[in-house]
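In: sequence first, predicted coordinates after that:
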Number of protein chains: 2
Amino acid sequence: MDIKAYVLQKAMEAKAGARAIAKASSEQKNNALVKMAEAIQKKAKELQRENKKDLAAAKKKGLTKAMIDRLTLTSERIKEMSQGLIDIASLPDPVGEILKMWQRPNGMTIGRMRVPIGLIGIIYESRPNVTADATGLCLKSGNAVILRGGSEAIYSNKAIVKILREVAKKEGIHSGVITFIDKTDRQAIMEMLKLEGIIDVVIPRGGEGLIRAVTENSRIPVLKHYKGVCHVFVDRDADLKMAEDICFNAKVQRPGTCNAMETMLVDEKVAMKFLPSIAKRLKKAKVKIKGCPRTVRIIKSAVAAKEEDFYNEYVDLILNIKVVKDIDAAMDHIAKYSSAHTETIVTENYNKAMRFLREVDSASVFVNISTRFSDGFQFGLGAEMGISTDKIHARGPMGLEELTCTKFIGLGNGQLRS
Amino acid sequence: MDIKAYVLQKAMEAKAGARAIAKASSEQKNNALVKMAEAIQKKAKELQRENKKDLAAAKKKGLTKAMIDRLTLTSERIKEMSQGLIDIASLPDPVGEILKMWQRPNGMTIGRMRVPIGLIGIIYESRPNVTADATGLCLKSGNAVILRGGSEAIYSNKAIVKILREVAKKEGIHSGVITFIDKTDRQAIMEMLKLEGIIDVVIPRGGEGLIRAVTENSRIPVLKHYKGVCHVFVDRDADLKMAEDICFNAKVQRPGTCNAMETMLVDEKVAMKFLPSIAKRLKKAKVKIKGCPRTVRIIKSAVAAKEEDFYNEYVDLILNIKVVKDIDAAMDHIAKYSSAHTETIVTENYNKAMRFLREVDSASVFVNISTRFSDGFQFGLGAEMGISTDKIHARGPMGLEELTCTKFIGLGNGQLRS
């Protein structure tokens, strides 16, 4: 069978799965999730055996150490993957929730009911844990999932899918609910992206290149996040000790994440006082500073930032610093350079806090909190399918609710339109 | 200037408008809407003079009577257009609404705030009233709008836009908030659809051809509705008098609308009793019936329906009728043939009502209500930007809320991630 026919056949089976799982009870879904968690734990050895094949291939291909690390299924990671499914089982089921109902003058009652989206396509790169996480979130929210993982993790992914599907079968769940595209050619992705009306939404997870390729080629709606160019603005009315702690935490605590700070904006009124102290601390943590001309005059070890640096997501111990005139200049900078992921103001001034909160147009906007809290678990969503920097459907961390939509429901007793 | 550069320049101005209008107060927006309504009423003669140019061109081009009717700005329609803006002014402002806030164990408070989407592109065909309606809805919800109307209504559209922009200017609203693409070439649409990151969402309004062309060519998210193939299922436990009234209303009251019934599904247990009576009434109303083999045996005047008829949106006095085994067969039929717009069950049986409500996957699902109620005004949304049959972002009638998204907000006092 050629790839086009293969992908279409898989997707049609998955579509049938979507209709079936939409009706499943919370109990049935939760039972399956817990049993899947147990099975993953029980078959850890088997998983690691398959994972070793991927690791061997990765070494042969000369992948970087960081990439090989991401690929590796340690016992700890298998435990986390298993625990993730148990956590998802313990979350409330979003399906069937009635958000509101209101009565119309003619006596009919209209409301909104939360329902699954249907069939969700996940296109992802190396991390094999996405296979279990994404499946768990889709299953719990009453959706079928069609997975297409990267070639680097193909043995690990297939092993995980096999375990999940075996449990699903035992639990009476339709075989289409967990569907894996077992073709690592790029064409398989392209064929998926043409299936408008069959796959309801595509969520790409991986590098910017993958995400751009998916967006540009998809006729299906895409939920995505390109990058995280996050800002902290230290206002003149900030508690400077708090500002220093927040900025340090936002940059250093885990610089490789999308919610780490890339650019620090400092009100000119406090720059002379604030910058030398934090510069010392950043230097100790081996952070390289790229600064605007004023920053470079204050921090001797800083190098001059170029215009394009302010668009950059370093994912590393590098920080842009810019001294700005006031909150308006800070918000102008953010509007221009930000990827609309997460921004924080540090201030004790009520009016400026409220303005920043309202006027900054990013997925997460904070007052006096480290940008590192922009995360589904930290927000209390219980689980996360990635972070959307789109402005349609889902914005910010995507939990179970973001994997649903609402339909209108109407209850009447014979209403006719005149 | 070539079209590409022209569209980009207009869109950049509109983008600046989006940032400005997002901050506007409800009072400023409402004042502007009311003054726009007054200006449209006051300049009715001017509008009609421009409209006559479109009508003359339409006659020359040999457009159908129905198309010319849609294009005509009667005094009554101008009054409605004006009243529409006043109605929008009187609706609550969705921007800034905080949907919920919750506290996290570390003391920070996280919430969701409703914010404008940004810049909304409207691509539409002949009806010039869309120009005012869409602008009013976008303005009220804090969005800028970039309008691209069809060539048939170009004089009318430009006249309406001129009035709206004059008022906007007087009211201190950024000139980019209402932007009109004054190029009727198809290329202008194609250039708009490439502006990912500038235009945030595109809403096409018009025939299926236009909507498909927009969807296939857009890199920007699209909110759309292809067609309305709506069903009424008459269950064996229906009040047959109510069922007859609902089916008659759903088909005959205004057959040219997307929420009119196209296919009636009848439980075999009541087909013999139900069909002859409604057939007589439909015949009197000049409805042509296409039936399944069993229907054709019961209703002598019915012609045999072909498979493809069940996918058809007639927008006319034609009705498909199919006799089905039970509610499951009815829901299977709907899952296969429906455009997921609106479906109704007529039944007195509680369990079947609840099953239909939960299991049917359409934008609006009713019990004992005519499908004709699937409409933003009838639902009490106050206004409508069309009906979405998508499953992402907006589903069903789109009111002001559907022109917004939410961002996460966080209020803290120095929380750091460890």
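Out: Yep, that arrived.

In: okay, now the domains of chain A?
Out: Residue ranges for the structural domains of chain A, counted by automatic domain parsing, are given in the record as A:3-223+A:398-411, A:230-378.

In: report the distance from the shortest one to the chain centre.
Out: Between the mean C-alpha point of domain A:230-378 and the mean C-alpha point of its chain there is a distance of 22 Å (C-alpha atoms, centre = their mean, to the nearest Å).

In: start to end distance for that domain?
Out: End-to-end distance of domain A:230-378: 17 Å, with C-alpha to C-alpha, to the nearest Å as the criterion.

In: avg pLDDT for that domain?
Out: Domain A:230-378 shows a mean pLDDT of 97 in the predicted model.

In: is the residue nearest to A:Tyr6 when sequence neighbours are not counted in a helix, a strand, or coil?
Out: Setting aside the residues directly before and after it, A:Tyr6 is nearest to A:Lys183 in space (C-beta to C-beta, 6 or more residues apart in numbering or on different chains), at 6.5 Å. For the C-beta atoms, the positions are set from N, CA and C on the backbone; glycine is no exception. For A:Lys183, the secondary-structure state derived from DSSP: H, G, I helix; E, B strand; the rest coil is coil.

In: quick one: A:Lys183 from chain B, how far?
Out: 25 Å (C-beta to the nearest C-beta, to the nearest Å).

In: tell me the pLDDT of that residue.
Out: The predicted structure scores A:Lys183 at 91 on the pLDDT scale.

In: could you dump the domains of chain A into a markdown table with mean neighbour count and distance to B:Ala285 added?
Out: Listed next are the domains of chain A as a markdown table, based on neighbours: other C-beta atoms under 10 Å in any protein chain shown; distance: least, C-beta to C-beta, whole Å:
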| stretch | mean neighbour count | distance to B:Ala285 |
| --- | --- | --- |
| domain A:3-223+A:398-411 | 19 | 23 |
| domain A:230-378 | 20 | 52 |
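
In: so can I have JSON lines of those domains showing distance to B:Leu73?
Out: Formatted as JSON lines, the entries for the domains of chain A read as follows, by distance: least, C-beta to C-beta, whole Å:
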{"stretch": "domain A:3-223+A:398-411", "distance to B:Leu73": "30"}
{"stretch": "domain A:230-378", "distance to B:Leu73": "37"}
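
In: the residue nearest to A:Tyr6 and A:Leu164, how far apart?
Out: A:Lys183 is 19 Å from A:Leu164, where distance means C-beta to C-beta, to the nearest Å.

In: and what of A:Ile198?
Out: Using C-beta to C-beta, one obtains 22 Å as the distance from A:Ile198 to A:Leu164.

In: contacting residues around A:Gly380?
Out: By C-beta atoms under 8 Å, 6 or more residues apart in numbering or on different chains, the contact set of A:Gly380 is B:Trp102, B:Arg104, B:Ile110.

In: for it, phi and psi?
Out: As for A:Gly380, its main-chain torsions (degrees, to the nearest 10) stand at phi 90, psi 20.

In: make sure I have this right: A:Gly256 is in a strand.
Out: No - assignment of A:Gly256 by three-state DSSP gives coil, placing it outside any strand.

In: pretty sure it is touching A:Asp316, no?
Out: Yes - A:Gly256 lies in contact with A:Asp316 (C-beta atoms under 8 Å); the separation is 7.3 Å.

In: the stretch 151-300 of chain A: strands as residue ranges?
Out: Assigned by DSSP state E, counting those that start in this stretch, the strands in the stretch 151-300 of chain A fall at A:178-180, A:201-205, A:230-234, A:261-267, A:288-291.

In: brilliant, that's me finished.
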